[in-house]
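Asks: how would this look folded up:
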Amino acid sequence: MVSLEIKPEEVKAIDRDAHTRLTTRTRPTDTIPVLKAILMELECLNNRVSDAISHVSQALRSLEIDNLNIVITDVQKVVAAHFNVSRLDLVSHRRTQDVVRPRHIAMYLCRNLTTRSMPEISRCFSKRDHTTVMHAIRSVNEMMKNPAFAEEIRYLTDRIITGTHNQED
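Replies: Residues are numbered from 1 along each chain as shown. Got it, this is the predicted structure:
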């Protein structure tokens, strides 16, 4: 595993070392390999910083989701109301487009806003297989390329989150 600890001394050492290596060169052509080496060191450090940021971001997102206390039925209710279908339609075996799209969106939001696993989510949608949830997530991710659709998902996400907090107050 990559070490996520980045010590300030490392950055200072690269800076000091780079300064020393650059100022001791007498000809401009001597500095090119030195600059390349410094660039490589900085790229490595940047990759480690990016990895650290990614890990911290994932951990923070996980903690935020845990603290929201959103349950699958909250998501189902908000999505059903938004698309003007009943919650029972979402969990039914119907495969018509007017139900499938909201169902996929609800599954996607359940995965992103709850701590539930795919099998747990699938059980809340008429005991469907967890691969159905995987397909729903892939479908919604593909549709997210459309800015209007992505905005609709953000709107639903906000409604679910604010709805959950309003219930706690």
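Asks: switch to C-alpha atoms for all contacts and neighbour counts from now on
Replies: Noted.
Asks: quickly list the domain ranges of this structure.
Replies: Residue ranges for the domains of the chain, per automatic domain parsing: 8-68, 72-168.
Asks: residue ranges with poor pLDDT in this protein?
Replies: Low-confidence segments of the chain (pLDDT under 70): 1-31, 57-67, 164-169.
Asks: now do the helices in it.
Replies: Here the chain has its helices, by DSSP state H, at 8-23, 28-68, 72-82, 87-91, 97-113, 118-123, 130-143, 147-168.
Asks: follow-up on the earlier one: just name the most buried of the domains of the chain.
Replies: Among the domains of the chain, domain 72-168 has the highest mean neighbour count (mean count of other CA atoms under 10 Å), at a mean of 17.
Asks: what sits closest to Met118 if chain neighbours are left out?
Replies: Of all residues not flanking Met118 in the chain, His130 sits nearest, at 5.2 Å (CA to CA, 6 or more residues apart in numbering).
Asks: that should have said Ser92, apologies.
Replies: Distance criterion CA to CA, 6+ apart; nearest residue to Ser92, sequence neighbours excluded, is Ser126 at 6.2 Å.
Asks: I figured the residue nearest to Met118 hits Arg116, correct?
Replies: No: counting by CA atoms under 8 Å, His130 does not reach Arg116; the two are 11.6 Å apart.
Asks: related to what we said a few turns ago, any idea how far Leu42 is from the residue nearest to Ser92?
Replies: 52 Å (CA to CA, to the nearest Å).
Asks: same deal with Arg159?
Replies: From Arg159 to Leu42 the distance is 43 Å (CA to CA).
Asks: which ones are touching Val75?
Replies: Neighbouring residues of Val75 by CA atoms under 8 Å, 6 or more residues apart in numbering: 106, 109-110, 160.
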